[in-house]
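In: Please work out how this folds:
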Amino acid sequence: MSELPQQLANGLILGAMYGLIAIGYTMVYGIVQLINFAHGEIFMVGGFGALSVFLALPAGTSLALALPIMLLGGITVSVLVGIAAERFAYRPLRGAPRLAPLITAIGLSIALQQAVWKWYPDGKQARVFPQFKGHSFDILGATVQRGDIFVLIAAPACMIALGFFVAKTRSGRAMQATAQDPDTAKLMGINTDRIIVLAFAIGAAFAGVAAVAYGLRTGEVQFRMGFIMGLKAFTAAVLGGIGNIYGAMLGGVVLGIAEALATAYIEEIPGMEQFGGGAWKDVWAFVLLILVLLLRPQGLLGERVADRA
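Out: Below you'll find the model as predicted:
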């Protein structure tokens, strides 16, 4: 039990990253009823975008000074790829049977992976991502690295900003109207194409923030990292209630904490020793998803139309 604060902190940090990515899934689904399975790769290219910006800076640049520029670079790359995906891959299939955009999303995911693998220098290998050096922080009995402070600040800040945007701005209310009834919203003068692009852009921007947080925590980025993180984030979105932006973040936090606790403590249960450790962390994450779907199929918070975006 002495490790419990540390495991909770690890789960909270991991869950915040899952939640940031999951918001992209839930926003797109809330408006166009599309599961964008390429969203994990949009997260991935954001990490490479941030790294490219750092490598382009003069040698010896402090990471503290470089971080805002890296964040801007990662967000920009993710948003550009997200908007391009919507315009050229998904928009032409908007009236097609649902299987067509799903297959397209999977194909786009593979294409983005291969593009980074092929054209980025040494894309086959994990690239070293800069990390903060120096002492860590002791917070309520848990050791938190300096790089992890970024996601602990960025995740709630992004959620507060998104909540204000959806509830208080004209574009946010247009998102809610489009999510409720896109045909009626169009008749009322709302440019639904612009709203859909905006949803893709916001989701991609959050994925870019998560990519920088991932790099700061792990110290590397690589072309495969979007696959498993994308699956976990989709799991978080379903766990919290697909289409609910607050549920996406809650699902991410619950999933991260459950994964951390299962990794640390399952092996302490008699007869379960072989099911503990990091090798089983992905398994327990999806076991949690199955249990939630069986007991509460609509997710922890369900789908509230007013929060859909």
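In: Could you tell me how many residues sit around residue 92?
Out: When counting by other CB atoms under 10 Å, one arrives at 12 neighbours for residue 92. Bear in mind the C-beta positions are built from the backbone N, C-alpha and C, glycine included.
In: Correct me if wrong, but it is in a strand.
Out: No: assigned with DSSP: H, G, I helix; E, B strand; the rest coil, residue 92 falls outside any strand and is helix.
In: what about it, distance to residue 104?
Out: The gap separating residue 92 from residue 104 is 9 Å, by CB to CB, to the nearest Å.
In: What sits closest to residue 172 if chain neighbours are left out?
Out: Leaving aside its sequence neighbours, residue 172 sits nearest to residue 166 (CB to CB, 6 or more residues apart in numbering; 4.0 Å).
In: ok, that neighbour touching residue 176?
Out: Yes: if you go by CB atoms under 8 Å, residue 166 and residue 176 touch, sitting 6.7 Å apart.
In: ok, those two, which is more surrounded?
Out: Between residue 166 and residue 176, residue 166 has the larger neighbour count (other CB under 10 Å), namely 22 against 19.
In: How confident is the prediction for that one, by pLDDT?
Out: Per-residue pLDDT puts residue 166 at 93.
In: repeat for the one 10 residues further on
Out: What the model reports for residue 176 is a pLDDT of 91.
In: Am I right that the residue nearest to residue 172 is in a strand?
Out: No: assigned with three-state DSSP, residue 166 falls outside any strand and is helix.
In: From residue 234, how far off is it?
Out: Distance from residue 166 to residue 234, by CB to CB: 21 Å.
In: Residue 281 too?
Out: Residue 281 is 16 Å from residue 234, by CB to CB.
In: who has more neighbours, those two?
Out: Higher neighbour count among residue 281 and residue 234: residue 234, with 26 against 18, using other CB under 10 Å.
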